[in-house]
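Student: after the sequence you'll find the predicted model.
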Amino acid sequence: MLIRLPLALCAVAMMTLPALAQSGGPAIAYTTANLNMRAGPGTNYPVLATVPQGGGVTVFGCTANFSWCDAAFANVKGWVSGKYLSYGVQGSYYGRPIPSAGVYIGVPRYGSNYPIYRRPPPVVRPVQPIYPRYPRRY
């Protein structure tokens, strides 16, 4: 009897660990259209980048109704419209839109303090020196 109780508790813990690992962390999603990544949650913010259709993004959180999601694509972090994101991890919610699956997969929601991002600095390439060419040979 004393051995069964710890074994039962261990079995319950093993079954709940995958669910706990998914909740609250970043989610992987794919875009269903070409999607503008903006500096804040709304169309009044400037566009930072455009995510191509089918591009994979990491979702860190969303607004309360999942209409805008804080995401990262390549080396840019910004806000994308949640209705154009579908969940990208194999399981029962695979392919479902983030607004309908977000609660079940544990995407964090922001109350009112939304992070606002800036444009990434432009890439400065070094100037190549121009060397004079040798005259053509006859």
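Tutor: Right, received. Where do you want to start?
Student: let me see the contact set for the spatially most central residue of the chain.
Tutor: When Cα atoms, centre = their mean is applied to the chain, the residue found nearest the centroid is residue 58 (2.1 Å). Residues near residue 58 by Cβ atoms under 8 Å, 6 or more residues apart in numbering: 26-29, 71-73. C-beta here means a position set from N, CA and C on the backbone, and glycine is covered the same way.
Student: now, which of those lie within strands?
Tutor: Residues of those located in strands (DSSP state E): 27-29, 71-73.
Student: one step back: in the sheet, who's paired with the residue nearest to the centre of the chain?
Tutor: Beta-bridge pairing of residue 58 under DSSP bridges involves residue 28, residue 72.
Student: and it, how far from residue 121?
Tutor: 21 Å (Cβ to Cβ, to the nearest Å).
Student: same question for residue 48.
Tutor: Residue 48 is 12 Å from residue 121, where distance means Cβ to Cβ.
Student: the more surrounded of those two?
Tutor: Higher neighbour count among residue 48 and residue 121: residue 48, with 20 against 6, using other Cβ atoms under 10 Å.
Student: residues in contact with that one?
Tutor: Neighbouring residues of residue 48 by Cβ under 8 Å, 6+ apart: 37-39, 76, 78, 117, 119-120.
Student: what are the ranges of the helices in the chain?
Tutor: With helices called from DSSP state H, the chain shows them at 4-22, 98-105.
Student: check those helices for me: which has the lowest mean pLDDT.
Tutor: Among these, helix 4-22 carries the lowest mean pLDDT, a mean of 45.
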